[in-house]
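Asks: predicted model and sequence below, questions to follow.
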Amino acid sequence: MLKWTVGATVITVIIAIALTRHANSCETQNQESQSTAAAQPLADPVLITSTSKNGDADQKDSQNQTSRASSRADSYFCSVVTPANLPTIYLVLIGFGGIVVAIGTLKMLESQTEAVENSIEVLINKERARIYIEPNGFHFDTSDKYDPKYELKYKITCSGTTPAIIYDTRITAEVGVTQERSRPEEWVTQIPLPGNLVPGELELRTSLSGKSEHINDVLDEQIEGGQLFVNFWGYVNYRDIFFKGDGFWRKSFRYIWDAKQERFIKCGEPWENAENRRTPAKNPN
């Protein structure tokens, strides 16, 4: 803003000084011309006609035309820029300067608005709820041979400072002889989450599922030995309090147990381990 104000002021002052000097110069020239015209005697037309020659007349006529054209332009400018008209011209210059300052103000407001919007966006990204799902090992309890428990432990984290509104959840921990999901449309259960998930961590468990011959009392040995694989995948659909419009966030996840590294690692396509904004399906009717 200061740059635009100073620039407009300097330009206005320079133009005003130049016009003032030109107006004073025109006024001086007009006074000298009037004095010269009053002091010079009238020429004898007969004498001028008799002493002029054709060549000199043509040259002087050409010079006179150029001089008259220049004189007319200068006279017109002088007739406009006169000491009497200077106050009006100054007001026009001040108005022009005001326009320049106004443009600068609009530019400054535009920059400030953009900066505020960026700050708000940064604040929203910092404060809004985000959900993370991570597997956290296994739980095997075969002490009761009639009701053995083969479970996968996992952790759900709601980050940020605001709650997440849970819409829908799905989770699967599938045991198989390959690293691919055998029947992803099956073995799907809901994650037991509250409707409003507050910031913090939840430690949960889900039962390992698969064909009956894979679920036995040596399941842990088969998994650790690399004979069986565990796929862990699902999603959480949710909204945060800053979410605008229709739709929701979908946090998708997919992990597989790596026996060599003895930990779960991410696998699958990029979209299977990402958070994306989804819009609800349109009603065909």
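Replies: Yes, it's here. Keep in mind it's a predicted model, so treat the numbers as computed, not measured.
Asks: could you give the number of residues near the closest residue in space to T157 that isn't next to it in sequence?
Replies: Leaving aside its chain neighbours, T157 sits nearest to Y132 (4.4 Å; criterion: C-beta to C-beta, 6 or more residues apart in numbering). Where C-beta positions appear, they are placed from N, C-alpha and C, glycine not excepted. Here the number of neighbours of Y132 (other C-beta atoms under 10 Å) works out to 14.
Asks: check G210 too.
Replies: If you count neighbours by other C-beta under 10 Å, G210 ends up with 21.
Asks: wait, it touches V177, no?
Replies: No - in this structure, G210 is not within contact of V177 by C-beta atoms under 8 Å, at 9.2 Å.
Asks: what's near enough to touch D217?
Replies: Contacts here follow C-beta atoms under 8 Å, 6 or more residues apart in numbering; on that basis D217 touches 142, 145, 148.
Asks: so how far is L219 from the first one?
Replies: Spelled out, that is T142. 9 Å (C-beta to C-beta, to the nearest Å).
Asks: who has more neighbours, the two?
Replies: L219 (21 against 14).
Asks: next up, phi/psi of that one, please.
Replies: Reported as degrees, to the nearest 10, the phi and psi values for L219 are phi -60, psi -40.
Asks: so what's F229 closest to, chain neighbours aside?
Replies: Nearest residue to F229 in three dimensions, chain neighbours excluded: Q179, at 5.0 Å (C-beta to C-beta, 6+ apart).
Asks: now do the buried residues in stretch 235-246.
Replies: 235-240, 243 (16 or more other C-beta atoms under 10 Å).
Asks: hang on, I meant stretch 263-281
Replies: 264, 267-268, 273.
Asks: let me see the mean pLDDT of the helix or strand containing the residue nearest to T157.
Replies: Taking DSSP states H and E as the definition, Y132 sits inside strand 130-141. Strand 130-141 carries an average pLDDT of 93.
Asks: before we move on, what about stretch 99-110?
Replies: Stretch 99-110 shows a mean pLDDT of 76 in the predicted model.
Asks: low-confidence stretches in the stretch 51-200 of the chain?
Replies: Applying pLDDT under 70 to the stretch 51-200 of the chain flags the ranges 51-86, 90, 112, 115-124, 182-187.
Asks: follow-up on the earlier one: in a markdown table: the buried residues of stretch 235-246, plus secondary structure, distance to R278 and pLDDT.
Replies: A markdown table is the format used below for the buried residues of stretch 235-246 (DSSP: H, G, I helix; E, B strand; the rest coil; distance: C-beta to C-beta, whole Å; pLDDT from 0 to 100):
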| residue | secondary structure | distance to R278 | pLDDT |
| --- | --- | --- | --- |
| Y235 | strand | 10 | 94 |
| V236 | strand | 12 | 95 |
| N237 | strand | 7 | 95 |
| Y238 | strand | 11 | 96 |
| R239 | strand | 10 | 94 |
| D240 | strand | 14 | 92 |
| F243 | coil | 11 | 89 |
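Asks: that's a strand at I215, yeah?
Replies: No - assignment of I215 by DSSP: H, G, I helix; E, B strand; the rest coil gives coil, placing it outside any strand.
Asks: neighbours around the closest residue to it other than its chain neighbours, how many?
Replies: Spatial nearest neighbour of I215, excluding adjacent residues (C-beta to C-beta, 6+ apart): Y150 at 6.0 Å. Burial measure for Y150: 22 neighbouring residues, criterion other C-beta under 10 Å.
Asks: can you tell me the element Y150 falls in?
Replies: Going by DSSP H and E, Y150 is part of strand 149-159.
Asks: I'd like the next helix or strand past that strand.
Replies: strand 164-176.
Asks: adjacent strands (with direction) for the very next helix or strand once past that next one?
Replies: Proceeding N to C from strand 164-176, the next assigned helix or strand is strand 196-197, under DSSP H and E. Strand pairing for strand 196-197, determined by DSSP bridges: strand 164-176 (antiparallel).
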